[in-house]
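> Generate a structure from the sequence data that follows.
(chains A and B)
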Amino acid sequence: MDLTSVKAMASGSKHSYIRKKKFNFKKDMIGWAIMLPGLVLFTFFVWKPLLSGIILSFFETEGFHAGKFIGFGNYIEALTDMNFKKALLNCFKYTFWTLLLTYLLPPFMAIIINEMVHFRGYFRFSIYFPSMVPSVAVSILWLFLFDPGPNGFLNILLSYLNIEPSGWLQNPKLTIPLIVLTMAWRNFGPTSVIYIAALQGINNDLYGVAAIDGAGFLAKIRHITLPGIYNIMRLFLAVQVIVVFQVLQEPLVLTGGGPDNASTSLMLQIYHFAFRDFQAGKAIATSVIAFIILMSLTLVYFKLVKANTDME
Amino acid sequence: MKRILVIVLCMLLVLGAASGCGTKKSDTVSDSEKATTTEAKSDSQVEGTEDAEKEPEPVTIVLGLAPADSDEAGLKAFNSAVEEFTKEYPWITVKSENFVYDPGTFIPKAESGQLPNIFNTWYTEPQKLINAGYVAEITEQMKAIGWDKLIHKNSLDLASKDGKIYGIPTNIYSLGLMINADLFAKAGLVDERGVPLFPKTFDEVREYAKIIKEKTGKYGYCVATRDHQGGWHFTNIAWNYGVEFEKQVNGKWVAAFNSPEGVEALKLIYDMKWVDKSVQDSALVGVGDWIKLFGTGQVAMVPGDSAWAPTVVATDYKMNKDHIALCSFPAGPKNNYALMGGNLFMFSKDSTPAQIDACLKFLKFVGQGPEFDPNSVPLLEQAYQELRNADPPRPITKGFSVSIDPELLRVHEELFNKYVNVNIEFFNDYYLNNFKNLRPEEPYHAQDLYGILDSVLQRVLTDKNVNLQELLDKAAHDFQVNFLDKIN
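So this is what the prediction gives:
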């Protein structure tokens, strides 16, 4: 290792260290060979459809086959569609409610479980369990619970408390928050398990020293735990926004996008364009628009994080 | 050596993955095979007259016409028909599946070559499927056997484009009102012979729904709101209130349903929901939902036609056939129309002429084509018997063929009269009156209109303070801008 590399490592600049490495195909051949199947599959199943889709979005379509070149015709059609604006707005609503209701849930559960002395394994399994149930089955289960009639399960519980039955998913104001809750119920387990792993990676001595210094539970959380899982929380923020922005299956099964498009999402709209209305060009153009929005959000996010890191 | 081994293993993995991407030869028909089968076609087409002399090429067809597994009786009759058919035409190998046309799953199946050779769809779909290139042209085959002259012209036009034929219309239906006779009886809405008092107008529908809700606690009327079912039903209600959905003004098509008549029609639904509380609680009701509500006796009235009766009984809910009645679609203040639609057979784009020809033979053999075939009578009788002997027995209801072959119509009528197993008085109002004032679906973007109306109805059922005029104004504007302006 030369002096430049050592300096780069010492200064924490891992990237500059890696950059200095020379590309040596012969030496890395095994690595490339191991990656080859993945790369081939990735090329055929991700990049090729992606690029074909982008190209197709500039053509009139017959089924999923290109016809006449129409430039931005499909994009104009998609952007001026009566449901596009609502679907886009709903995606932001899904994201907002997800961050508000569920973003902090996994780290919170992870901290509680991590603090437990007994039955830790049981609770870890319990929170993971819902993610093992097929998602459509989960949605149908929730449909029974949210039945809007007086004989719906939750409404029967409400009736014991002398509360009027609720429309649940059929109340346009509740439908997105409730869909978000059903998604959270199924998905927060695996995320919590990752947080638990991160928590267990924090050096226990730090907690001991903090206790000697007189730090209480909250102070330990604030000064040791949260900084310890900060990077994972940052990652999950980006991942959660990207995943929730593409929500499809839950509104499709639970509400079909209703009532009156109150829960329709961009992905559901794309699904409707493609498979209900047979407008493949419009569907692909909408997908590209969604892709651009997500890409922009992600870039802004990384820029903010980078600025924050640089300041530190 | 180790490195070489790793590389070879990786290449094998890549090849494995690549071979997984390939298409099985047996699943598709290559160009050369098409050429072969095209030659076979000309043989098999003339076979109608020279069957015995020719040695036809073997052909395999996939029929998307099999009933669902839950419909054991229908499936038994179908399988037995297939068995007889393959005895008669030993060179035709028949595979079958229960293909239910669903716009939501059609494209993936079409794009991945998984469509059956022949499938059933609705009158609103052919132009969409033809324009998307998913169906095969059958003009030559239809003309060769003369079926193009045996189908009512208006129906055949629906399945044609630019003079080319793409489908075989089989029947028409008219939207009526399905009645749960048991709930009507419990609510005292029957005459002295126990026949339900059929509502003649929507005022009566509202009144009866209210009585049923009060006396039985069940919903009087079901307002569908999903899967385009709501729009489909509401269109007919609105027509009878005097609504024009699409009209030509100065040569341009205009969405005109935001009229006072439209508001009045919507007010009926609003009042039944919020004033009488006689419709179901759910505001998201698709096909499966209303079948469940009706089939389990939770709702007393829902728009439907005679083909739905056996379907409702064949589902898991096993509704008693004697509890189903059907009457003509109620009149509104202005009109007394019944929405007319129908079904047709279409063929996947990958079907070879020989396969299409074999499918036509099957239709003729089982009496589903527009031409009478004496050999089909025993099979039709067997099908009726299976339905009668099923557990629970299916109601035998009358279909209305688009054929103009008088012999076929006569035989179908005779068979129906022979095997009918329901109290005909529960259906006579529909059979005798509902075909007098038929109205076809709206000419442009009917399914898109239904989708927009679904949303309108969902809003009416979820928002007590909704402004009906504003709601219809927005819906009409959306329909105009997104659909009608594009054809003007």
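
> ok, now how distant is the residue lying closest to A:Gly257 once chain neighbours are set aside from B:Gly451?
Computed as CB to CB, 6 or more residues apart in numbering or on different chains, the closest residue to A:Gly257 that is not its neighbour in sequence is A:Thr264, at 3.4 Å. Where C-beta positions appear, they are placed from N, C-alpha and C, glycine not excepted. To B:Gly451, A:Thr264 is 11 Å away according to CB to CB, to the nearest Å.

> I'd like the distance from stretch B:215-230 to the chain centre, please.
On the basis of CA atoms, centre = their mean, to the nearest Å, stretch B:215-230 is displaced by 20 Å from the centre of the chain it belongs to.

> List the buried residues of that stretch.
Of all the residues in stretch B:215-230, those buried under the rule 16 or more other CB atoms under 10 Å in any protein chain shown are B:216, B:218-230.

> With stretch B:477-485 instead?
By 16+ other CB under 10 Å, the buried positions in stretch B:477-485 come out as B:478-480, B:482-484.

> Could you identify the most distant pair in those residues?
Within these, B:Asp478 and B:Leu484 form the most distant pair, 10.3 Å apart (CB to CB).

> quick one, phi/psi of the spatially closest residue to B:Asn336 that is not a sequence neighbour?
The shortest distance from B:Asn336 to any non-neighbouring residue, by CB to CB, 6+ apart, is to B:Asn437 (5.5 Å). Backbone torsions of B:Asn437, given as degrees, to the nearest 10, read phi -130, psi 60.

> Also the one 5 residues further on?
Backbone torsions of B:Glu442, given as degrees, to the nearest 10, read phi -60, psi 140.

> Secondary structure of B:Gly341: a strand, I assume?
Yes: counting by DSSP: H, G, I helix; E, B strand; the rest coil, B:Gly341 is part of a strand.

> check contacts around it.
Residues near B:Gly341 by CB atoms under 8 Å, 6 or more residues apart in numbering or on different chains: B:122-124, B:172-173, B:175, B:440-441.

> all helices of the stretch 101-250 of chain B, in order?
B:103-111, B:126-131, B:139-145, B:153-158, B:181-186, B:202-216, B:229-240 (DSSP state H, counting those that start in this stretch).

> could those helices be laid out in CSV, adding mean pLDDT and distance to chain A?
Output for the helices of the stretch 101-250 of chain B, formatted as CSV (pLDDT from 0 to 100; distance: least, CB to the nearest CB, whole Å):
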stretch, mean pLDDT, distance to chain A
helix B:103-111, 82, 5
helix B:126-131, 88, 6
helix B:139-145, 94, 20
helix B:153-158, 86, 17
helix B:181-186, 96, 17
helix B:202-216, 96, 13
helix B:229-240, 96, 10
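
> Could you single out the most deeply buried of the ones you listed?
helix B:229-240 (a mean of 25; mean count of other CB atoms under 10 Å in any protein chain shown).

> State the helix or strand in which A:Ile113 lies.
helix A:105-115 (DSSP states H and E).

> in the following helix or strand past that helix, what's buried?
Next in sequence after helix A:105-115, counting helices and strands by DSSP H and E, comes helix A:120-128. Buried residues in helix A:120-128, defined by neighbour count with 16+ other CB under 10 Å: A:123-124, A:127.

> what do you get for stretch B:162-179?
B:165-179.

> I'd like to know which of the residues you listed are part of strands.
B:165, B:167-174, B:176-179 (DSSP state E).

> and of those residues, the nearest to B:Tyr134?
So of these, ranked by how close each gets to B:Tyr134 (CB to CB), first place is B:Gly167, at 11.7 Å.

> what are the phi and psi angles of B:Trp308?
Residue torsions, per degrees, to the nearest 10, at B:Trp308 are phi -70, psi -30.

> Who does the residue nearest to it when sequence neighbours are not counted form a beta bridge with?
Nearest residue to B:Trp308, sequence neighbours excluded (CB to CB, 6+ apart): B:Met178, at 6.3 Å. Assessed by DSSP bridges, B:Met178 has beta-bridge partners B:Val302, B:Leu326.

> Now do the contacts for B:Met178.
Here B:Met178 is in contact with B:294, B:301-304, B:308-309, B:312, B:324-326 (CB under 8 Å, 6+ apart).

> which of A:Thr264 and B:Gly451 has more neighbours?
A:Thr264 (26 against 20; other CB atoms under 10 Å in any protein chain shown).

> Could you verify my assumption that the more buried one touches A:Ala87?
Yes: counting by CB atoms under 8 Å, A:Thr264 does reach A:Ala87; the two are 5.0 Å apart.

> Could you report the distance from B:Ile145 to A:Leu41?
In this view, B:Ile145 and A:Leu41 are 49 Å apart by CB to CB.

> Repeat that for B:Tyr444.
With CB to CB as the criterion, B:Tyr444 and A:Leu41 are 44 Å apart.

> List the residues that contact A:Met183.
Per CB under 8 Å, 6+ apart, neighbours of A:Met183: A:98, A:102, A:244, A:247, A:250.

> quick one: B:Asp281 and A:Gly38, what's the gap?
51 Å.

> When the two are compared, which one has more neighbours?
Shown here are B:Asp281 and A:Gly38; by other CB under 10 Å, B:Asp281 has more neighbours (19 against 13).

> Hmm, that one is touching A:Trp168, no?
No: here B:Asp281 does not reach A:Trp168: they are 10.4 Å apart, not a contact under CB under 8 Å.

> Quickly list what's touching both of the two.
By CB under 8 Å, 6+ apart, the residues touching both B:Asp281 and A:Trp168 are A:147-148.

> Now that B:Ser376 has come up, it's in contact with B:Leu363, right?
No: counting by CB under 8 Å, B:Leu363 is not a contact partner of B:Ser376; they are 9.4 Å apart.

> Which residue does the stretch 201-350 of chain B have closest to chain A?
Of the residues in the stretch 201-350 of chain B, the one nearest chain A is B:Asp281, at a distance of 3.7 Å by CB to the nearest CB.

> ok, so what distance separates that residue from B:Phe202?
B:Asp281 sits 21 Å away from B:Phe202, going by CB to CB.

> circling back to that earlier point, right, and out of the buried residues of stretch B:162-179, which lies closest to B:Val190?
Distance to B:Val190, by CB to CB, is smallest for B:Ile179 among the buried residues of stretch B:162-179, at 10.3 Å.

> residues touching that closest one, list them.
B:196, B:198, B:300-301, B:324-327, B:426.

> Let me have those residues in CSV, extended by neighbour count.
Below are those laid out as CSV (neighbours: other CB atoms under 10 Å in any protein chain shown):
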residue, neighbour count
B:Pro196, 25
B:Phe198, 25
B:Ala300, 30
B:Met301, 28
B:Ile324, 27
B:Ala325, 28
B:Leu326, 26
B:Cys327, 22
B:Phe426, 23
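
> Which parts of the stretch 351-488 of chain B are helices?
With helices called from DSSP H, counting those that start in this stretch, the stretch 351-488 of chain B shows them at B:353-365, B:376-389, B:406-419, B:428-433, B:446-462, B:468-479, B:485-487.
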